[in-house]
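**Q** next come a sequence and a model predicted from it.
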Amino acid sequence: MTLVKKILLLFLTFFALFTVVFVYISDAIWQNGYLRLEHREVQLETKRAQLAMDGELSRLHTLVEDWGPWDDTYDFARTLNPSFVQKNLSEAALTNMKLSYVLVVAPDGRPLYEQAFDLSTNKYAAPGPGQAQAIAQLTPLSDAQEKGLSGLLRLPDGTPLLVTSHPILTSERAGPPRGTLWFARRADADYLQELSNLVQGDLFWSEPHLPVREESSDTVYARWEMPVLDAGEPLALGLTVPRAIVQAGQAQHRAFLMFSPALTPSSFQLYL
């Protein structure tokens, strides 16, 4: 082998090694950077969804905190007068307040009045079996809190429910309490769709104890578990986020390699 061929072979070996190292390092730097951005985006959207759900619980609690200590509610807990329902819990009123369920529980824990409402049709609905009992059993926990209770509950049919309560008092917030007022909203598919409009992804209820994060070529799946008020199996909320950031990074990386001076034929001629 002539000296020129040896030098050329050495150069080609060096060039190939340089190319492999260059591609590997650039890919690692590029990919890791965009993966970090994607991870940050998923964390942000997860936090945004959680804050939106917390905000809905806060809204519901503001309502029940306004209705619980009220002379009209105080009288209703004793008389169950239908005029209170007609005047204050009409279909229009429940639509405006976005309530799926109203429950009045006696001081001894007995359900006194319940009304379910379908927010998809804005019509009264039949309460699910065992729904009143599932909420009423939380009354001791609610009584232990001066301003009531707020949180998540899984109904007997499996549907998650946002629930909040307040003691039934007079308008002067005097007692003795005549029971507990509960307001609730079903966190069903319609509610999650409404919530999804606030984040850059789609929300869904998932099975608990699955991986916190999974990836496909197009989507990242993030999950987080939320405790329920009755200390049962936690609820797992999932979020799917399109991998737009990583896909954009991959496209930019390919373009960078294609037009990189170190990897073009002209650079090869330059070295020769």
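**A** It's in. Residues are numbered from 1 along each chain as shown.
**Q** helix or strand: which one has the residue positioned nearest the centre of the chain?
**A** For the chain, the residue sitting closest to the mean C-alpha position, by C-alpha atoms, centre = their mean, is residue 49 at 4.2 Å. Applying DSSP states H and E as the criterion places residue 49 in helix 3-67.
**Q** next: residue 190.
**A** helix 189-196.
**Q** can I get that helix as PDB, trimmed to CA atoms?
**A** Presented in PDB, the C-alpha positions along helix 189-196 are these (Å, rounded to 0.1, in the frame of the first residue of the first chain):
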ATOM      1  CA  ALA A 189     -66.100  12.900  31.000                       C
ATOM      2  CA  ASP A 190     -68.000  16.200  30.300                       C
ATOM      3  CA  TYR A 191     -66.300  17.900  33.200                       C
ATOM      4  CA  LEU A 192     -62.800  16.600  32.100                       C
ATOM      5  CA  GLN A 193     -63.500  17.900  28.600                       C
ATOM      6  CA  GLU A 194     -64.200  21.300  30.100                       C
ATOM      7  CA  LEU A 195     -61.000  21.100  32.100                       C
ATOM      8  CA  SER A 196     -59.000  19.900  29.100                       C
END
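**Q** one step back: OK, contacts around the residue nearest to the centre of the chain?
**A** 195, 198, 199, 203, 237, 239 (C-beta atoms under 8 Å, 6 or more residues apart in numbering). Heads up, the C-betas are built off the backbone N, CA and C, glycines and all.
**Q** pipe the residues you listed into JSON lines and attach pLDDT per row.
**A** Formatted as JSON lines, the contacts of residue 49 follow (pLDDT from 0 to 100):
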{"residue": "195", "pLDDT": "87"}
{"residue": "198", "pLDDT": "82"}
{"residue": "199", "pLDDT": "81"}
{"residue": "203", "pLDDT": "89"}
{"residue": "237", "pLDDT": "90"}
{"residue": "239", "pLDDT": "86"}
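**Q** filter these to the buried ones?
**A** The neighbour-count test (16 or more other C-beta atoms under 10 Å) marks 195, 199, 203, 237, 239 as buried among the contacts of residue 49.
**Q** any idea what the third one is bridged to?
**A** The one in question is residue 203. Bridge pairing for residue 203 (DSSP bridges) gives the partners residue 239.
**Q** next one: it from residue 130, what distance?
**A** Distance, residue 203 to residue 130, by C-beta to C-beta, to the nearest Å: 26 Å.
**Q** repeat for the fourth one
**A** Plainly put, residue 237 is 23 Å away from residue 130 if you go by C-beta to C-beta.
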